[in-house]
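1. structure, please.
(one chain, ligands or ions: 1)
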Amino acid sequence: MKSLVVLTGAGMSSESGIKTFRDSGGLWEEYNVEEVATPMAWENNKELVLRFYNERREQLAEAKPNAGHTGLAALEKYFDVQIITQNIDNLHERAGSKKVLHLHGELTKARSTSDPTLIYDIGYRCIKIGDTCIKGSQLRPHIVWFGEAVPMMDDAVRLTENAEIFVIVGSSLNVYPAAGLIRYAPRNASLWLIDPREVNVPDNRNVEIIRKGASEGVANLTEKLLNIYGIKKE
Ligand code: NAD
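-> Here you go, the predicted model:
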């Protein structure tokens, strides 16, 4: 099976009712990202940061994977699919994708503020001031905030270096280092980008553009890939 690596961004979940933030002028679900998704925000106002992520978690409990998510999961019948997502939701997993790497963390996990190795599954429950790890330190969302290091980046680079097909879905390619991943795709890899808007691709790599939303775009990609590789649809 050919190895297919898919980098997904906020646009992937837009048809599931979860808003992107570039589309609304730097706001993320009506919040200014600087005030809720940075280490400074956490220093200044923990209540506000926790409320923002608690609301996102509540919203996620109600959201459902869209046809784009299920379409990528279905590609596992024909390709060795690895998802690398910038999204903090769990919609890829719920759609059935087996290999999902979360570059920017996961909403359904909390971690200790004193020991980053202490990570807890919290499902859709809230994190409150006073909720602590076993060492007694406050819990924070298990999220990579703007300005923080991206610990999963090395794994993402290694996976991208081995891609035979590399696809980007619903990312403005504005948030680094994730946006630079495409640079690591081998020269002979087949590159695709699905997004309803124009996106600037780093390094002017030769990318096949599908200018559609995630659901329609993934269906279109599937047809094209099966055709190119002469695979019969199951
Ligand atoms: P972004 O908001 O910067 O860009 C979103 C992209 O999606 C745009 O290019 C837009 O044209 C495209 N888009 C809009 N509707 C679409 C659709 N129906 N189908 C396909 N594409 C569509 O997103 P980003 O590049 O992922 O960067 C945002 C950061 O914010 C990420 O780091 C992510 O962690 C975080 N974020 C996550 C979520 C989530 O988890 N669902 C939601 C918002 C933001």
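
2. show me the longest helix that occurs in the chain.
-> Assignment by DSSP state H gives helix 46-62 as the longest helix of the chain.

3. ok but residue 142 is inside a strand, no?
-> Yes: under DSSP: H, G, I helix; E, B strand; the rest coil, residue 142 falls within a strand.

4. thought it was touching residue 113?
-> No: the pair residue 142 / residue 113 is not scored as a contact, 11.1 Å apart, by C-beta atoms under 8 Å. Where C-beta positions appear, they are placed from N, C-alpha and C, glycine not excepted.

5. who in this structure is up against the ligand?
-> 9-11, 13-15, 18, 20-23, 28, 86-89, 104, 170-172, 174-175, 195-197, 199, 213-214 (C-beta under 6 Å from any ligand atom).

6. which ones among these lie within strands?
-> Residues of the residues of the chain next to the ligand located in strands (DSSP state E): residue 28.

7. select only the buried ones of the residues of the chain next to the ligand in PyMOL?
-> Buried residues within the residues of the chain next to the ligand, by 16 or more other C-beta atoms under 10 Å, are selected in PyMOL with:
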select buried, resi 9+10+11+13+14+15+18+20+21+22+28+86+87+88+89+104+170+171+172+175+195+196+199+213+214
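
8. residue 36 and residue 44: what is the separation?
-> For residue 36, the distance to residue 44 equals 10 Å [C-beta to C-beta, to the nearest Å].

9. of residue 142 and residue 113, who's got more company?
-> Counting neighbours by other C-beta atoms under 10 Å for residue 142 and for residue 113 shows that residue 142 has the greater number, 23 against 16.

10. so where is this structure shaky, pLDDT-wise?
-> For the chain, the stretches with pLDDT under 70 are 24-26.

11. can you name the residue of it nearest the ligand?
-> residue 11 (2.2 Å; C-beta to the nearest ligand atom).

12. show me what contacts that residue?
-> 20, 169-172, 195-196, 213-214 (C-beta atoms under 8 Å, 6 or more residues apart in numbering).

13. 7 Å - rerun?
-> Shown in contact with residue 11 (C-beta atoms under 7 Å, 6 or more residues apart in numbering): 20, 169-171, 195, 214.

14. and what of residue 157?
-> 181, 184.

15. quick one: it from residue 140, how far?
-> Counting by C-beta to C-beta, the gap from residue 157 to residue 140 is 26 Å.

16. count of neighbours near the closest residue to residue 156 other than its chain neighbours?
-> Excluding its sequence neighbours, the residue lying closest to residue 156 (C-beta to C-beta, 6 or more residues apart in numbering) is residue 84, at 4.9 Å. Counted by other C-beta under 10 Å, the residues lying close to residue 84 total 25.

17. isn't there a helix covering residue 84?
-> No: counting by three-state DSSP, residue 84 falls outside a helix, being strand.

18. ramachandran angles for the closest residue to residue 55 other than its chain neighbours?
-> What sits nearest to residue 55 in space, not counting adjacent residues and going by C-beta to C-beta, 6+ apart, is residue 29, at 7.2 Å. Backbone torsions for residue 29, taken as degrees, to the nearest 10, come to phi 50, psi 50.

19. residue 29 against residue 17, yeah?
-> No: counting by C-beta atoms under 7 Å, residue 29 does not reach residue 17; the two are 10.6 Å apart.

20. which one's more surrounded, those two?
-> Set residue 29 next to residue 17 and count neighbours by other C-beta under 10 Å: residue 29 wins out with 15 against 12.

21. buried stuff in whichever strand or helix holds residue 216?
-> Assigned by DSSP states H and E, residue 216 belongs to helix 214-228. Judged by neighbour count using 16+ other C-beta under 10 Å, the buried positions of helix 214-228 are 214-222, 225-226.
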